[in-house]
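> Structure of the sequence below:
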Amino acid sequence: MTRPRAVVVVTGSELVRGDRTDRNGPFLARELLRLGAEPARIAIVGDDPAELEAALGEGLEADLCVVSGGLGPTHDDRTVEMVARAAGLALVVDPALEAEIEAFSRGLAARLNRPYADFEAGVRKQATLPEGALVLGLAGTAPGLVVDAVRCAVVVLPGPPGELRRLWPRALEAEPVRRVFDAAVPPERRVLRFYGASESAVARALDESGGEGEGLAATVCAREFEIHVDLVADERGRARAGELAASLRERLGRWLFAEDERPVEELVLETCRARGLSLAAAESSTGGLVAARLTSVPGASDVFVGGVVTYSNELKRALLGVPAELLERHGAVSAESAAAMAAGARARLGADVSVAVTGIAGPGGGTREKPVGLVYLHAEGPDGSRGLELSLPGDRDAVRGRATVAALHLVRTLLAQNRDEHA
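Got it, this is the predicted structure:
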């Protein structure tokens, strides 16, 4: 069965210029695939009317076109006008929508102590819709819309990701959109996540396992310094997906750490929680990134007690108890310092498990003996410890990002090792 074809159009000159990163396109593509559509393209286009109209014209050739952005009250918010033009529809004012936006805008004007006249033109603009459009509701003053363009259902959503995600479920309930997905069969999707294996090694294992088959698409992708294998199968390829996954487990089981999409920080917290362990971090070169990843997970506070950023040697001594003699003999960037930082964090923060990071992120500060990219990690728990020396490629951001992920995986492997030893 052929899946409905979908196109995502993301608008905003700030995205094209690189001032902001698109978060809506990937979210919408994942949602479309989950629901059984084939996300054929994500087009990012600026606010130029001709460029936007051309992108929308191509989008309307699909079964479903989802558009984000360009719904505000200013002159460069042109999405609704261009959707109407591409679909050959007239623009009309929706009185009920106008009254709703007006009420919101009057309240906003009062809070900002500004005259309503400053908002009036924008209110009418945002209440002007393609004829026959279904209004999904407001996110702020921006309305979400569904337009039935005969062959194509068009969903128009606000640009701010939170607003878009709030209105997306309502779009799925609209009849033109339901009609598209009524003909769709959601695929079976599996993901195998590896850490420590190279992308080429995973690709070779995939090839040696026989690769794809009828009804199965397999992709190898580096994400967050991990290697993910995505298997997307329709009814014909489900058996083959199971065979391929089993073969990859056998060939690469040493590096396989998950078969779902929970981030490594969530896996670490869950393991600590299941074993009744608390966790702390001591960071130098990563500047708190490990703690930030851990605290990004809701409910982290029942496991993660806190972290210490000790950038200077003085703070390593004062806050973590790293001996001055050790720092003088081995340096702040050393296996010995990382171990002492982990021990200090565990003792002084009262945690069962701790992880420490110290390194040279660059671009300066490196020497022949200790070049940029050199990182030492150490994780310590009630049943043992593990240290790791890394030589990481890339610029400052890449070194810090890779070191953060490596620190989380070091805790994960320490906990897994201890669990296996006590099984």
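> Tell me which residues of whichever strand or helix holds residue 407 come out buried.
Using DSSP states H and E, residue 407 falls within helix 396-421. Of the residues in helix 396-421, those buried by neighbour count under the rule 16 or more other Cβ atoms under 10 Å are 399-415, 418. C-betas here are computed from N, CA, C, even on glycine.
> Could I get the full set of strands for the stretch 101-250 of the chain?
Across the stretch 101-250 of the chain, reading from the start of the chain, the strands by DSSP state E, counting those that start in this stretch fall at 128-130, 134-139, 142-149, 152-157, 188-194, 216-223, 226-233.
> Rebuild the ones you listed as CSV, extending it with mean neighbour count, mean pLDDT and distance to residue 47.
Listed next are the strands of the stretch 101-250 of the chain as CSV, based on neighbours: other Cβ atoms under 10 Å; pLDDT from 0 to 100; distance: least, Cβ to Cβ, whole Å:
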stretch, mean neighbour count, mean pLDDT, distance to residue 47
strand 128-130, 21, 96, 17
strand 134-139, 18, 94, 19
strand 142-149, 23, 95, 15
strand 152-157, 27, 98, 15
strand 188-194, 19, 95, 35
strand 216-223, 16, 93, 30
strand 226-233, 21, 95, 33
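> Throw the ones you listed into a markdown table and include distance to residue 317, thanks.
Output for the strands of the stretch 101-250 of the chain, formatted as a markdown table (distance: least, Cβ to Cβ, whole Å):
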| stretch | distance to residue 317 |
| --- | --- |
| strand 128-130 | 65 |
| strand 134-139 | 51 |
| strand 142-149 | 54 |
| strand 152-157 | 53 |
| strand 188-194 | 39 |
| strand 216-223 | 38 |
| strand 226-233 | 35 |
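> so where's the protein uncertain?
Confidence mapping of the chain against pLDDT under 70 gives the ranges 1, 418-423.
> give the contact list for the residue of it most remote from its centre.
Among the C-alpha atoms of the chain, the one most distant from their mean position (Cα atoms, centre = their mean) is that of residue 325, at 42.9 Å. Listed by Cβ atoms under 8 Å, 6 or more residues apart in numbering, the contact set of residue 325 is empty.
> buried ones in the strand or helix carrying it?
Under the criterion of DSSP H and E, residue 325 resides in helix 324-330. Of the residues in helix 324-330, those scored as buried under the neighbour-count criterion (16+ other Cβ under 10 Å) are 326, 327.
> What of stretch 165-175?
For stretch 165-175, a neighbour-count test (16+ other Cβ under 10 Å) marks 165, 166, 167, 168, 170, 171, 174 as buried.
> From residue 289, how far out is residue 232?
Applying Cβ to Cβ, to the nearest Å, the value for residue 232 to residue 289 is 32 Å.
> meant to ask about residue 251
With the distance defined as Cβ to Cβ, residue 251 ends up 32 Å from residue 289.
> more neighbours, those two?
Ranked by neighbour count (other Cβ atoms under 10 Å), residue 251 and residue 289 place residue 289 first, with 21 against 18.
> got a list of what that one touches?
Neighbour list for residue 289: 283, 400, 401, 403, 404 [criterion: Cβ under 8 Å, 6+ apart].
> my read: the fourth one touches residue 375, true?
It refers to residue 403. Yes - with contact defined as Cβ atoms under 8 Å, residue 403 and residue 375 form a contacting pair (4.7 Å).
> Alright, calling it a day.
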